[in-house]
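Participant: Please work out how this folds:
(one chain, ligands or ions: 1)
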Amino acid sequence: MRSSLREASPRRYLMCPPAHFRVTYSINPWMDPAKPVDLPLAQTQWEDLRDRYTALGHTVELLTPQPGLPDMVFAANGATVIDGRVLGARFAYPERTAEAAAHLDWFRSHGYAEIHEPDHVNEGEGDFAVTASWILAGRGFRSSPLSHDEAQEFFGRPVIGLDLVDPRYYHLDTALCVLDDAADEVMYYPGAFSPGSRAVLARLFPDALIAEEADAAALGLNAVSDGRHVLLPQAAVGLFEPLRARGFEPVGMDLGELLKGGGSVKCCTQELRA
Ligand code: ARG
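Facilitator: Numbering: from 1, shown residues only. Presented below is the predicted three-dimensional model:
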């Protein structure tokens, strides 16, 4: 047990209210258009997350939700921002294509000068995770392997490609979470990755927190850490003690309505890294 708590650092996040959230199509195994979504409840759950960030001292920027783009609430997918440089997204499914332009417009009107419109499919922070040493990049379901080279060239950081093999964990951020981005500390669920990628993760992160299947299945890895507080789906109860043992403060959130779209805490949160 670590004797001292970790230190949080103030973050800037981009979020999009779920005003038009629906499940009208299915592009991941969590989505069942036959299951009704309680929109007011989704709104309340999303507001709890936003309010939690601001209460922790973080800044939350807002993207205007657009009718006809029911997945826009999953703001993590719309771009990747590192060192103030913006790599736009290019979505794998036509249902989400138009979200990329909405994100680019936001960055253009908020003073971002270095913006790259991608040639290859990448779903933003859904598949890109940033540690101190690397950009971890998922592939297999959404982002193209070619987008990994594109990200490496644009950001000038080494990109480590990781193969996702279980359709429930279709984005990297459903299977892996960066706990401390000033170091190289992560938690992940090995079962979501190919044997080779598991070996790569074990080599790069020998001290990682390894999640059990039940917590992964509650989308517990879809979490956001500020270096101290780890906001995660509250149903991922098995992660709380291991996080505390490392000096983190787990903060359980209920985003049950958004889970019907296949997303939780991290999916709703894009980090704007200065
Ligand atoms: N329904 C959305 C999709 O399948 C959910 C996206 C979740 N976002 C994430 N960062 N994993 O594209």
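Participant: use CA for all of it now, contacts and neighbours both
Facilitator: Fine.
Participant: In this structure residue 86 contacts residue 118, no?
Facilitator: No - applying CA atoms under 8 Å, one finds residue 86 not in contact with residue 118, separated by 10.1 Å.
Participant: Burial check on residue 72, number of neighbours?
Facilitator: 31 (other CA atoms under 10 Å).
Participant: Equivalent analysis for residue 205, please.
Facilitator: Residue 205 sits with 15 neighbouring residues when counted by other CA under 10 Å.
Participant: Residue 55 now?
Facilitator: For residue 55, the neighbour count with other CA under 10 Å is 10.
Participant: re the thing from before, which of residue 86 and residue 118 has more residues huddled nearby?
Facilitator: Counted by other CA under 10 Å, residue 86 and residue 118 do not tie: residue 86 has more neighbours, with 25 against 17.
Participant: which residues touch the nearest residue to the more buried one once chain neighbours are set aside?
Facilitator: Computed as CA to CA, 6 or more residues apart in numbering, the closest residue to residue 86 that is not its neighbour in sequence is residue 115, at 4.6 Å. Each residue near residue 115 by CA atoms under 8 Å, 6 or more residues apart in numbering is listed here: 85-88, 104, 107.
Participant: of these, closest to the ligand?
Facilitator: Ranked by distance to the ligand (CA to the nearest ligand atom), those are led by residue 88 at 14.2 Å.
Participant: and the closest residue to that closest one other than its chain neighbours, what does it touch?
Facilitator: Leaving aside its chain neighbours, residue 88 sits nearest to residue 79 (4.5 Å; criterion: CA to CA, 6+ apart). By CA under 8 Å, 6+ apart, residue 79 lies in contact with 86-89, 100, 103, 123-125, 270.
Participant: at 7 Å instead, please
Facilitator: The contact partners of residue 79, by CA atoms under 7 Å, 6 or more residues apart in numbering, come to 86-89, 103, 124-125.
Participant: from the residues you listed, which two are the most distant?
Facilitator: 103 and 125 (12.7 Å; CA to CA).
Participant: For the two, indicate the residue with more neighbours.
Facilitator: Using other CA under 10 Å as the criterion, residue 103 and residue 125 rank with residue 125 on top: 27 against 21.
Participant: Just to check, the more buried one is in contact with residue 77?
Facilitator: Yes - under the criterion of CA atoms under 7 Å, residue 125 makes contact with residue 77 at 5.4 Å.
Participant: Next, give phi and psi for the residue nearest to residue 86.
Facilitator: Backbone torsions for residue 115, taken as degrees, to the nearest 10, come to phi -130, psi 130.
Participant: And the pLDDT for it?
Facilitator: Listed pLDDT for residue 115 reads 98.
Participant: Would you mind measuring from it to the ligand?
Facilitator: 20 Å (CA to the nearest ligand atom, to the nearest Å).
Participant: For the stretch 1-150 of the chain, what lies in contact range of the ligand?
Facilitator: For the stretch 1-150 of the chain, the contact set with the ligand under CA under 6 Å from any ligand atom comprises 27-28, 71, 74, 76-77, 126.
Participant: how close does the residue nearest to residue 88 sit to residue 24?
Facilitator: Residue 79 sits at a distance of 23 Å from residue 24 (criterion: CA to CA, to the nearest Å).
Participant: No further queries at this time; thank you.
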